[in-house]
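Chemist: how would this look folded up:
(2 chains)
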Amino acid sequence: MKKLSLSNLNDLFSAIAEKENLYIPTDNSVGQAAFSLWSDGAVLSEKCNTVRSAKDLFFPQVENLVNFKVTGKQIEVIENRDPAEPFVVFGVRACDLRSFDILDRVFLSEPVDSYYRTRRENALLIGLACSHPSQTCFCTAFGIDAAEPAGDITCWMSDDTLYWRANTEKGATFTDSLAILDDCQDDPVHKLQEDLRDRLGRLPLHDLDLTGFDSDNMIKLFNSEKWDELSQSCLGCGTCTFICPTCQCYDIQEFNTGKEVKRFRCWDSCMYSNFTKMSAGQPRPTQKERFRQRFMHKLVYYPSNNEGIYSCVGCGRCLQKCPVNANIVKVIKTLREELS
Amino acid sequence: MQKRMIAKATELLNNGTVDRVLGWKTGEFFYDLTPAVFDSVSALEAKFVFNSFSGANLSKYLIAESRKPGKIAVFLKPCDSYSFTQLLKEHRILRENVYVIGVQCDGMCDIDKVRNIIGEGLLSVRKDGNHLIAETFDATKTIAKSDVLLERCAVCKSKKIVTYDELIGEQGDVCESDRFDEVARLEAMTPEERFEFWRNELSRCIRCNACRNVCPACSCEKCVFDNDNSGVKNKAAADSFEENMFHIIRAFHVASRCTDCGECSRVCPQHIPLHLLNRKFIKDINELYGPYMAGADLNTKPALMDYTKDDCEPSIVYERNGGAQ
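Modeler: Below is the predicted model:
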């Protein structure tokens, strides 16, 4: 275990940024937290979480894949992927860290997504235990311990001290290169963890019951009459999918500049009317089917294909940001009535 | 108010005036209400709610709801009634299938403003008269409702319920509002400063389309940006400037039809002050063609859909300190 006085936090960031690009959550001009490239003096946000998740640094909203240039009968294929550079992300919460397990199972399975893999290999993730979990947090329901975030390195913060522990070989090597950190005992961290776990256990959604969301109930859940009511006011916007740390759907599109064709991929949303539209038409003709797709995917399809792991981490972003407050907790509670 | 609304809705369902009621239903917490259609008295009694967080404008849902069999009752706050009237004017809602109950409103709250005041870790919110009581593990704060109003409510344009079949409570008047002050502040900037302001604000856009989808003036069956055959389908922008253009194009499209209901800014997850684009158009129209309020009545022709021989030529004569003359 290492430690650092919080008054020296800027020096720590400076030491990291000297080696690699460093991203930390900072408050933007409207007072919301966002991961941004650190520059001298940038202050770590005190917000519970960022509006956009850490996913965005690995699976960006828009990604250039390749360009094609046609000259006469020649087609030139131009590689234009981002140069691969190592980077560090500091301050990732336990929920967002768990989301990488979920995304890895999609992007790192055959066929491997080399764009995502390159960033995963280049990144050093530094987790940060929560200080102020709120009403909308329910990571505990998915067995996530916000007092013990994963990552290459885990950090905890008291009022005046940052505690630092390497978890992986990569994290240990990185830690050894930072002379600014001092050795210390584990005890203060245990106290911080105890306090945090006590608070987590008192959150209103901490024991959200997911019993029955499994492949055995797939057809029953799919055919539930509750979807009409649940999806009734859904606007069909993409907010929930775009701020979600585990949503991973994308579309591949081409843009013809007149001189060349740019092939790129961009986030897609199952809430959108043209999501997975095929030449035969739209397989999910109304918002009800689109809405159902999102929650069936997170709560039934994904776990059915991935050893029962849900593709929700309980970060609560959709609870805070859905324009009509339709969200996964309401879906779970309403459908649970059907199952019991 | 909530009790009277439930009683009224119950009466309308029981005496057969309507088959359904559009309102707001309770959520997990005090503030996460959802627009909902109630089709029974028991559903109303179990879930209907009207409180300081009934901000969602219900008018747009009536485009679809008024085309379903039977008749639907709806509760409209003053500003929602402008959106409703504008949609009637555009022949988007079937009036004969809707029973409008106008309800007075003393301003709706913004939960993010509550979060900003109480700090991180919000655990509960409840109402006590004109105050909200917010709690975290470490603090309990009593917050004046007036300090956490939605932007549109802080500069409320009107307490008048434009269209209704019945009122609960009193009819109100158009308010003296300083809603154009922020627009004037932007107008006073140099073009470079203003460009910088909007580039910064719009740089946060994640193109979730919440602003468009919630907007009562955006009522196209299929948006051109969602249409694969339009040639301008736009799931992702080619560059950051194109992203900015989306919002500017949208503001142009709703100009003279936007009632300044403020839903675009309320729903933006990134807190982009989109209403300022629309308000700039409203202010310009007022100054160039005389005062005009979209949704204020069914008859007045919108300035941009009307032509008179002495209309000004904005590009030639309009000066910031001038006007139509």
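Chemist: can we go C-alpha only for contacts and neighbour counts from here?
Modeler: Noted.
Chemist: checking the closest residue to residue B:227 other than its chain neighbours next. Helix, strand or coil?
Modeler: Nearest residue to residue B:227, sequence neighbours excluded (CA to CA, 6 or more residues apart in numbering or on different chains): residue B:233, at 5.5 Å. Three-state assignment for residue B:233 (DSSP: H, G, I helix; E, B strand; the rest coil): coil.
Chemist: contact partners for residue B:233?
Modeler: For residue B:233, the contact set (CA atoms under 8 Å, 6 or more residues apart in numbering or on different chains) comprises B:224, B:225, B:226, B:227.
Chemist: pull out the buried members of those residues.
Modeler: In terms of neighbour count (16 or more other CA atoms under 10 Å in any protein chain shown), there are no buried residues within those.
Chemist: in helices, which of those residues fall?
Modeler: Judged by DSSP state H, helices contain none of the contacts of residue B:233.
Chemist: ok, so of these, who is nearest chain A?
Modeler: Distance to chain A across the contacts of residue B:233 (CA to the nearest CA) is lowest for residue B:226, with 7.0 Å.
Chemist: now do the contacts for that closest one.
Modeler: Residue B:226 sits next to A:273, A:274, B:233, B:234, B:235 when contact means CA under 8 Å, 6+ apart.
Chemist: show me where the chain has strands.
Modeler: No chain specified, so I'll use chain A. Using DSSP state E, the strands found in chain A span residues A:2-5, A:21-27, A:33-37, A:62-71, A:74-79, A:87-92, A:123-128, A:153-157, A:161-166, A:182-183, A:250-256, A:260-267.
Chemist: nope, chain B
Modeler: B:20-25, B:34-38, B:72-76, B:98-103, B:124-128, B:131-135, B:140-144, B:166-168.
Chemist: about what we covered before: minimum distance to residue B:50: which of the strands of chain A has it?
Modeler: strand A:33-37 (31.1 Å; CA to CA).
Chemist: and the residue of the stretch 151-300 of chain A closest to chain B?
Modeler: When scored by CA to the nearest CA, the stretch 151-300 of chain A has residue A:238 as its residue closest to chain B, at 4.4 Å.
Chemist: and that residue, what does it touch?
Modeler: Residues in contact with residue A:238 (CA under 8 Å, 6+ apart) are A:269, A:270, A:271, A:272, B:207, B:208, B:209, B:210.
Chemist: and which of those residues is nearest to residue B:177?
Modeler: residue B:210 (26.5 Å).
Chemist: what's around the closest one, how many residues?
Modeler: Neighbour count of residue B:210, defined by other CA atoms under 10 Å in any protein chain shown: 24.
Chemist: the residue nearest to it when sequence neighbours are not counted: neighbour count?
Modeler: Leaving aside its sequence neighbours, residue B:210 sits nearest to residue A:237 (CA to CA, 6+ apart; 4.9 Å). Residues near residue A:237, counting by other CA under 10 Å, number 23.
Chemist: just the buried subset of the contacts of residue A:238, please.
Modeler: Buried, going by 16+ other CA under 10 Å: A:269, A:270, A:271, A:272, B:207, B:208, B:209, B:210, out of these.
Chemist: which per-residue confidence value corresponds to the first one?
Modeler: Right, residue A:269. Per-residue pLDDT puts residue A:269 at 95.
Chemist: now do the contacts for it.
Modeler: Counted by CA under 8 Å, 6+ apart, residue A:269 has contacts A:238, A:241, A:242, A:249, A:250, A:275.
Chemist: list the contacts of residue B:169.
Modeler: With contact set as CA under 8 Å, 6+ apart, residue B:169 has these partners: B:103, B:104.
Chemist: now it: how far from residue B:88?
Modeler: Separation of residue B:169 from residue B:88 (CA to CA, to the nearest Å) stands at 24 Å.
Chemist: and if you look at residue A:74?
Modeler: Remark: distance between residue A:74 and residue B:88 (CA to CA) = 57 Å.
Chemist: again with residue A:242
Modeler: Separation of residue A:242 from residue B:88 (CA to CA): 34 Å.
Chemist: those two - which one has more neighbours?
Modeler: With neighbours defined as other CA under 10 Å, residue A:242 and residue B:88 compare such that residue A:242 has more, 24 against 18.
Chemist: follow-up on the earlier one: rebuild the contacts of residue B:233 as JSON lines, extending it with pLDDT and distance to residue A:198.
Modeler: Converted to JSON lines, the contacts of residue B:233 look like this (pLDDT from 0 to 100; distance: CA to CA, whole Å):
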{"residue": "B:224", "pLDDT": "87", "distance to residue A:198": "51"}
{"residue": "B:225", "pLDDT": "87", "distance to residue A:198": "48"}
{"residue": "B:226", "pLDDT": "87", "distance to residue A:198": "47"}
{"residue": "B:227", "pLDDT": "84", "distance to residue A:198": "51"}
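Chemist: residues in contact with the residue of the stretch 151-300 of chain B found nearest chain A?
Modeler: Nearest residue of the stretch 151-300 of chain B to chain A, counting by CA to the nearest CA: residue B:208, 4.4 Å away. By CA under 8 Å, 6+ apart, the contact list for residue B:208 reads A:237, A:238, A:239, A:242.
Chemist: redo those as TSV? Include pLDDT.
Modeler: Below are these laid out as TSV (pLDDT from 0 to 100):
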residue	pLDDT
A:237	96
A:238	96
A:239	97
A:242	97
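Chemist: the residue nearest to residue B:113 when sequence neighbours are not counted: neighbour count?
Modeler: Distances taken as CA to CA, 6+ apart place residue B:148 nearest to residue B:113, at 5.3 Å, with adjacent residues excluded. Neighbour count of residue B:148, defined by other CA under 10 Å: 23.
Chemist: hmm, residue B:148 is touching residue B:115, no?
Modeler: No - using CA atoms under 8 Å, residue B:148 makes no contact with residue B:115, being 9.5 Å away.
Chemist: contacting residues for the residue nearest to residue A:25 when sequence neighbours are not counted?
Modeler: Spatial nearest neighbour of residue A:25, chain neighbours left out: residue A:35 (4.2 Å); criterion: CA to CA, 6+ apart. Taking CA under 8 Å, 6+ apart as the criterion, residue A:35 is in contact with A:23, A:24, A:25, A:26, A:50, A:52, A:54.
Chemist: OK, contacts around the last one?
Modeler: Pointing back at residue A:54 there. Shown in contact with residue A:54 (CA under 8 Å, 6+ apart): A:35, A:92, A:96, A:245.
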